[in-house]
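give the three-dimensional model of this entry:
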Amino acid sequence: MFAAKTRLTTSEGIEFGFILASPLVRFVAWAIDFAATMALLSALRFAVIFISFFSSDFASAMVILLYFVVSVGYPIFCEWKFRGQTIGKKLLSLRVVDAEGFRLTFQQVFVRNITRMVDMLPLPYLVGGLVCFLSPRNQRLGDLAANTIVIRNVKVEEPVLSELGERHFNSLRHYPHLEARLRREVTPEEAALILNTLLRSSSLEATARIKIYGLLASHFRDIVQFPAEAVEGIPDEQYLKNIVDVLFRKSGAVKARETRVAK
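Numbers count the residues shown, from 1 in each chain. Below you'll find the model as predicted:
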């Protein structure tokens, strides 16, 4: 089966694409998550055994409650905490994202997982699977309700950064712990978006370019907040180039460690 793709275009005219996760791969990811949920529930049942000595009815009610909380709470917690990924999605390089390319919200995560109970009727994912196969963007009912899609995380190869112009002093490099957090928090899709925007800057009108740089700079400043002395007075375009430098270029310390290991 060929990988389906979807392309999103922002109001400023920036177009970027995603590779959609196929229904089969999504089902395998769900199976992995189901196994993880069952393992967690099995561990929690041992705590309920003690209660059953006092009241078997109360223990049975606790088992039902735990099943509901874990089966619904697990995907909600993981997708919100790990930015659209559960254990199964992580292992298969999948991620839930907003269908319009915006940042995933907690409301979307909650809606798509609460609706999962309908998708699973009458057999595991019969309704959801049929809708997913028929949907042009491989969306189950939960995705349609929450306006989300599930995509494949494509590894972004190191680009030819010389195309961005001469390399300048990067004040963000003075904060290696924040650099590491930035590389951890930024998704491959976000990294590709900022890089493609900078590479295509010459094709954008000046007004649109300034607006886009401002929006992207604000977005990345919210992800990791560097000290004021590292970012004050830096134009948005240069700030974005500094971000790309952190995301794609290895620091001297990392290169030195790799050289020692190689020796």
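
okay, now the unreliable bits of the chain?
Applying pLDDT under 70 to the chain picks out residues 1-17, 50-54, 154-167, 250-263.

which stretches of it form strands?
Listed in chain order, the strands of the chain (DSSP state E) span 5-9, 15-19, 94-98, 148-152.

buried residues in stretch 168-179?
Using 16 or more other Cβ atoms under 10 Å as the test for burial, stretch 168-179 gives 170, 171, 172, 173, 175, 178, 179. Just so you know, the C-beta spots here come from the backbone N, C-alpha and C atoms, and that holds for glycine as well.

right, I mislabeled it, should have said stretch 222-242
For stretch 222-242, the neighbour count (16+ other Cβ under 10 Å) marks 224, 226, 230, 231, 234, 236, 237, 238, 239, 240, 241, 242 as buried.

the last one contacts residue 171, doesn't it?
Yes. Contact criterion Cβ atoms under 8 Å: residue 242 and residue 171 qualify, at 7.1 Å.

overlap in contacts of these two?
Applying Cβ atoms under 8 Å, 6 or more residues apart in numbering, one finds that residue 242 and residue 171 are jointly contacted by residue 234.

domain parsing for the chain?
Split into domains by automatic domain parsing, the chain comes to 5-152, 161-262.

ok now the first one, how far from the chain's centre?
Distance of domain 5-152 from the chain centroid (Cα atoms, centre = their mean, to the nearest Å) equals 13 Å.

and the longest helix seen in the chain with strand 94-98, angle?
Counting residues, the longest helix found in the chain (DSSP state H) is helix 23-52. Put simply, helix 23-52 runs at 100 degrees to strand 94-98, going by axes from the mean of the first three to the mean of the last three Cα atoms, to 10 degrees.

between strand 148-152 and helix 23-52, find me the angle.
Note on geometry: by the same axes, to 10 degrees, helix 23-52 and strand 148-152 are set 110 degrees apart in direction.

just checking, what packs against helix 23-52?
helix 56-81, helix 87-91, strand 94-98, helix 126-134 (3 or more Cβ pairs under 8 Å, 6 or more residues apart in numbering; DSSP states H and E).

comparing these, which comes out most buried?
A comparison of the helices and strands packed on helix 23-52 by mean neighbour count, using mean count of other Cβ atoms under 10 Å, puts strand 94-98 on top with a mean of 22.

that strand pairs with which strands, and in what direction?
Note on strand 94-98: by DSSP bridges, its sheet partners are strand 148-152 (antiparallel).

what sits up against the partner strand?
Strand 148-152 is contacted by residues 3, 6, 18-21, 25-26, 89, 93-99, 104, 108, 112, 137-139, 142-143, 189 when judged by Cβ under 8 Å, 6+ apart.

if we go to 7 Å?
6, 18-21, 26, 93-99, 108, 112, 137-139, 143 (Cβ atoms under 7 Å, 6 or more residues apart in numbering).
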